[in-house]
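Chemist: I'll drop the sequence and a predicted model, then ask my questions.
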Amino acid sequence: MTATTDATRRTLPAGRPLSWGWLGGLGALLGLSVLSLFVGAADLSPWDFLTGRATPDDWLTFTVSRVPRTLAVLLAGASLALSGLLMQLLVRNRFVEPGTVGTSESAGVGILIAILLFPEAPLVVKMVLAILTALAGTALFLRLVRSLPPTVPVVAVPLVGIMLAGVIAAGTTFVAYRLELMQTIGIWMQGDFSGVLRGRYELLWLLAVLGALLWFFADRFTLASLGEEHSKALGLSYKATLNLGLGLVATSSAITLVVVGGIGFVGLVIPNLIVLWRGDNLRRNIGWTALAGAGFVLVCDLLARTLNPPYEIPVGTVSGVLGGVVFLVLLLTGRMRTR
């Protein structure tokens with residue numbers, strides 16, 4: 001009886017900070033989401049909506065633009081952070097994310113192909129082509145990483161990814177330049193939520209399905225992160241699990257790129273911060289990573305709307321500046337885990 005009571009006393013205090021932390025995190029995210037609904041070039045007042053004085057134009061702006069935009073920001077931010085978390089786990093390197101291994105650049109190749117061959121095709125066609133090329137680019141990165149000798153330093157893996165991404169981006173830029181499509185491809189690749197409207201963001205709900213799959217297979221991905229030999233010894237199909245995980249990463253990255261463009265550093269910084277705080281348990285970190293990723297991108301989007309009104313700064317630029325500063329702080333203070 002005494003042992004049971006002592007164990008209960010030891011476990012209860014550990015659960016309280018987690019519950020209060022979740023409530024605080026969700027409350028902060030909810031507050032930022034409400035603020036996002038009323039911040040922008042169009043002057044909307046929450047008091048007008050509560051008192052019934054909002055005009056039909058106000059309701060149109062609210063339902064067609066502000067609500068879809070806020071939902072898109074939350075879905076994209078959570079997905080980018082989870083993609084980075086999963087990729088870092090499977091590659092066993094804390095310096096990688098879809099934007100630094102060629103996945104996002106490969107998805108851009110699919111968008112360029114769609115622009116050239118199917119200019120009038122719906123967004124779904126562009127998404128499918130972007131997913132296929134993203135999968136191919138991710139597979140190529142893995143092939144290059146596996147060819148590296150085991151004695152190479154840990155920074156060699158992201159360097160290979162950065163070089164691969166640079167080559168793919170250079171090829172895409174060259175083709176776009178020769179065909180006078182630089183501005184078009186630049187619009188697709190630049191992270192920006194200003195064009196998100198009702199009827200154009202709904203593909204992002206697929207990211208919620210991919211997040212559910214990540215949670216469902218979290219234990220398998222954790223076993224796969226131990227390496228091929230240990231995974232097989234535990235009865236896990238290593239290659240199938242690895243392909244599934246990287247397929248989820250490539251698919252979510254391609255969907256995000258097609259709908260809202262490229263947003264850097266989310267998948268690099270947020271997972272590292274969560275791992276520093278809570279450790280390497282994937283299943284326990286999924287919720288916090290999604291919450292932090294959504295909040296980070298939402299803050300970046302609010303800054304993009306308010307720093308230079310009535311004009312907007314691309315949210316990818318804001319996330320690059322903020323994420324780059326956080327990444328440098330983690331790197332220079334020695335808090336970045338190599339594995």
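Modeler: Ah, there it is.

Chemist: what does stretch 153-165 contact?
Modeler: 91, 93, 95-96, 99-102, 104-105, 137, 140-141, 144-145, 148, 338-339 (Cβ atoms under 8 Å, 6 or more residues apart in numbering). Using the backbone N, CA and C atoms, a C-beta is placed for each residue, glycine as well.

Chemist: which of these count as buried?
Modeler: 91, 93, 95-96, 99-102, 104-105, 137, 140-141, 144-145 (16 or more other Cβ atoms under 10 Å).

Chemist: Pick the one among these closest to residue 327.
Modeler: Residue 327 has its nearest neighbour among these in residue 95, at 9.4 Å by Cβ to Cβ.

Chemist: ok, the closest one to residue 207 distance?
Modeler: 24 Å (Cβ to Cβ, to the nearest Å).

Chemist: And residue 102, by the same measure?
Modeler: 20 Å.

Chemist: same question, residue 170
Modeler: Between residue 170 and residue 207 the computed distance is 29 Å (Cβ to Cβ).

Chemist: Residue 156 too?
Modeler: On the measure of Cβ to Cβ, residue 156 and residue 207 end up 31 Å apart.

Chemist: How about residue 81?
Modeler: 11 Å.

Chemist: Look at the two and report which has more neighbours.
Modeler: residue 81 (31 against 25; other Cβ atoms under 10 Å).

Chemist: show me the contacts for the more buried one.
Modeler: Residue 81 touches 266, 267, 270, 271, 289, 290, 292, 293, 294, 296, counting by Cβ under 8 Å, 6+ apart.

Chemist: Pick the one among those residues closest to residue 212.
Modeler: Of all the contacts of residue 81, residue 212 sits closest to residue 290, with 11.0 Å by Cβ to Cβ.

Chemist: What residues does residue 68 make contact with?
Modeler: For residue 68, the contact set (Cβ under 8 Å, 6+ apart) comprises 196, 197, 198, 200, 201.

Chemist: 10 Å - rerun?
Modeler: Residues in contact with residue 68, defined by Cβ atoms under 10 Å, 6 or more residues apart in numbering, are 193, 196, 197, 198, 199, 200, 201, 202, 204.

Chemist: Residue 131 too?
Modeler: 106, 107, 110, 247, 250, 251, 252, 253, 254, 255, 257, 258.

Chemist: Restricting to C-alpha, output the helix or strand containing it in PDB.
Modeler: Using DSSP states H and E, residue 131 sits in helix 123-146. Provided in PDB are the C-alpha atoms of helix 123-146 (Å, rounded to 0.1, in the frame of the first residue of the first chain):
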ATOM      1  CA  LEU A 123      -4.500  22.400 -58.500                       C
ATOM      2  CA  VAL A 124      -4.900  18.600 -57.800                       C
ATOM      3  CA  VAL A 125      -2.900  17.800 -60.900                       C
ATOM      4  CA  LYS A 126      -0.100  20.100 -59.900                       C
ATOM      5  CA  MET A 127      -0.200  18.500 -56.400                       C
ATOM      6  CA  VAL A 128       0.200  15.000 -57.800                       C
ATOM      7  CA  LEU A 129       3.100  15.900 -60.000                       C
ATOM      8  CA  ALA A 130       4.800  17.800 -57.100                       C
ATOM      9  CA  ILE A 131       4.400  14.700 -54.800                       C
ATOM     10  CA  LEU A 132       5.900  12.400 -57.400                       C
ATOM     11  CA  THR A 133       8.900  14.600 -58.000                       C
ATOM     12  CA  ALA A 134       9.300  15.200 -54.200                       C
ATOM     13  CA  LEU A 135       9.400  11.400 -53.600                       C
ATOM     14  CA  ALA A 136      12.000  11.100 -56.400                       C
ATOM     15  CA  GLY A 137      14.200  13.800 -54.900                       C
ATOM     16  CA  THR A 138      13.900  12.400 -51.400                       C
ATOM     17  CA  ALA A 139      14.900   8.900 -52.600                       C
ATOM     18  CA  LEU A 140      17.900  10.400 -54.400                       C
ATOM     19  CA  PHE A 141      19.000  12.100 -51.200                       C
ATOM     20  CA  LEU A 142      18.800   8.800 -49.300                       C
ATOM     21  CA  ARG A 143      20.800   7.100 -52.000                       C
ATOM     22  CA  LEU A 144      23.500   9.700 -51.700                       C
ATOM     23  CA  VAL A 145      23.500   9.600 -47.900                       C
ATOM     24  CA  ARG A 146      23.800   5.800 -47.900                       C
END
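
Chemist: Out of the contacts of stretch 153-165, which sit inside strands?
Modeler: Using DSSP state E, no member of these falls in strands.

Chemist: ok, residue 24 - how many residues close by?
Modeler: 11.

Chemist: Model confidence score at it, please.
Modeler: Looking at residue 24, its pLDDT is 88.

Chemist: mind checking the SS state of it?
Modeler: Classification of residue 24 using DSSP: H, G, I helix; E, B strand; the rest coil returns helix.

Chemist: Please report how far the spatially most central residue of the chain lies from residue 328.
Modeler: By Cα atoms, centre = their mean, the chain has its centre lying nearest to residue 80, at 0.5 Å. Distance from residue 80 to residue 328, counting by Cβ to Cβ: 19 Å.

Chemist: Equivalent analysis for residue 127, please.
Modeler: The value you get for residue 127 to residue 328, if Cβ to Cβ is used, is 34 Å.
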